[in-house]
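Student: no sequence on this one, just coordinates:
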Ligand code: ADP
């Protein structure tokens, strides 16, 4: 459904953030993008929705050449891509419901959204989504009264309200504790399965990527250095992706919650890899 061919990005500062990226994402696949800070993960995600203009290459989403779009065509294409950000990007003084409904701004037009009048079907769907993400009790709360995990759930519901075909997720768990991070990743994973959505998730936590993604793409210095199943992430490959740090392999403590139904794994594949150097994964 999404195909990148020869995508490159050089920023005006001269930094080459991406070189010759070829990637095909089938419908329904959850892809985790991993790599050290500065590898180009955010740039890649932002090239897809054209928040960053690629310098070269082609990006096609279900037949549309995204790099050739502008104006109304670009706005329409962007609506088919739900963006979930690290910092949630919520409007603090608005309620949970209003924040979710703002996901429909592109549809309802400026004046209706200015007066915050949303079509009834949008309100009903927003309520259904808030129920699905476990926030039906909080619809009237102001966004700034929520915990980090709840704020991320609002961000997820808002992204889904525009009925996207693809989710672009940038560091969804960077500000969350480990348990909440797993819950959020599990929710994203389940929603993708329920709605047949493909997702690209830029995630700094290798263990979470392994646990919840169908496929891992490792970026280093703007190039893809690994593309495969989570079980293929050996310590050698992690060293290729992250550099010559010493890798410390340890078994993750068993999660008390139910594990997601992932494809069967090879023995040892549930081991989590973390770099021995502190902060090596951002
Ligand atoms: P990651 O998300 O993997 O940390 P980024 O995509 O943020 O990587 O950055 C990739 C490279 O592009 C880095 O060298 C970074 O300094 C550079 N870069 C990112 N954004 C900009 C920008 N707006 N202007 C100039 N250089 C940038």
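Tutor: Thanks, I have the structure now. Because the structure is predicted, anything quoted here is derived from the model rather than measured.
Student: okay, now the unreliable bits of this protein?
Tutor: 87-88, 105-117, 245-282 (pLDDT under 70).
Student: show me what counts as buried in the biggest helix by length in it.
Tutor: The helix that spans the most residues within the chain, counting by DSSP state H, is helix 178-195. Residues 180-189, 191-192 are the ones in helix 178-195 that count as buried (16 or more other C-beta atoms under 10 Å). (C-beta placed from N, C-alpha, C; glycine too.)
Student: now those residues in TSV, with distance to residue 232?
Tutor: Compiled in TSV, those are given as follows (distance: C-beta to C-beta, whole Å):
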residue	distance to residue 232
180	28
181	23
182	22
183	26
184	25
185	19
186	22
187	25
188	22
189	19
191	25
192	21
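Student: let me have the residues you listed in JSON lines, adding distance to the ligand as columns.
Tutor: Below are these laid out as JSON lines (distance: C-beta to the nearest ligand atom, whole Å):
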{"residue": "180", "distance to the ligand": "22"}
{"residue": "181", "distance to the ligand": "18"}
{"residue": "182", "distance to the ligand": "22"}
{"residue": "183", "distance to the ligand": "24"}
{"residue": "184", "distance to the ligand": "19"}
{"residue": "185", "distance to the ligand": "18"}
{"residue": "186", "distance to the ligand": "23"}
{"residue": "187", "distance to the ligand": "23"}
{"residue": "188", "distance to the ligand": "18"}
{"residue": "189", "distance to the ligand": "21"}
{"residue": "191", "distance to the ligand": "23"}
{"residue": "192", "distance to the ligand": "21"}
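Student: about what we covered before: who are the packing partners of the longest helix of the chain?
Tutor: strand 30-34, helix 148-161, strand 166-170, strand 198-202, helix 206-212 (3 or more C-beta pairs under 8 Å, 6 or more residues apart in numbering; DSSP states H and E).
Student: and the ligand, which of these is closest to it?
Tutor: When the helices and strands packed on helix 178-195 are compared by C-beta to the nearest ligand atom, strand 198-202 sits nearest the ligand, at 6.2 Å.
Student: for residue 227, find the nearest of the helices and strands packed on helix 178-195.
Tutor: Of all those, it is strand 30-34 that lies closest to residue 227, at 9.1 Å by C-beta to C-beta.
Student: the helix or strand following the closest one vs strand 166-170, what angle?
Tutor: With elements assigned by DSSP states H and E, the helix or strand that comes after strand 30-34 is helix 41-48. If you take axes from the mean of the first three to the mean of the last three C-alpha atoms, to 10 degrees, helix 41-48 sits at 150 degrees to strand 166-170.
Student: relative to the whole chain's centre, how far out is helix 41-48?
Tutor: Its chain's C-alpha centre lies 10 Å from the corresponding centre of helix 41-48 when counted by C-alpha atoms, centre = their mean, to the nearest Å.
Student: I'd like the next helix or strand past that helix.
Tutor: strand 56-61.
Student: partner strands of that next one, parallel or antiparallel?
Tutor: Looking at strand 56-61 with DSSP bridges, its partner strands are strand 2-10 (antiparallel), strand 64-65 (antiparallel).
Student: quick one: it to strand 198-202, angle?
Tutor: Going by the same axes, to 10 degrees, strand 56-61 makes 130 degrees with strand 198-202.
Student: right, and the strands paired with strand 56-61 - which one's nearest the ligand?
Tutor: Judging those by C-beta to the nearest ligand atom, what sits closest to the ligand is strand 2-10, at 7.6 Å.
Student: run through who's touching that closest one.
Tutor: Residues outside strand 2-10 that contact it (C-beta atoms under 8 Å, 6 or more residues apart in numbering): 16-25, 40, 43-44, 47-48, 52-62, 166, 198, 200, 222.
Student: in that strand, what's buried?
Tutor: By 16+ other C-beta under 10 Å, the buried positions in strand 2-10 come out as 2-4, 7-9.
Student: quick one on the thing from earlier: intersect the contacts of strand 2-10 with the contacts of the ligand.
Tutor: 17, 40, 43 (C-beta under 6 Å from any ligand atom).
Student: nearest residue to the residue of the stretch 51-200 of the chain found nearest the ligand in space, ignoring adjacent ones along the chain?
Tutor: Proximity of the stretch 51-200 of the chain to the ligand (C-beta to the nearest ligand atom) peaks at residue 52, 7.4 Å away. In this structure, residue 52 finds its nearest non-sequential neighbour in residue 46, 3.9 Å apart by C-beta to C-beta, 6 or more residues apart in numbering.
Student: so what's the residue of the stretch 51-200 of the chain closest to the ligand up against?
Tutor: Contact analysis of residue 52 by C-beta under 8 Å, 6+ apart lists 9, 43, 46.
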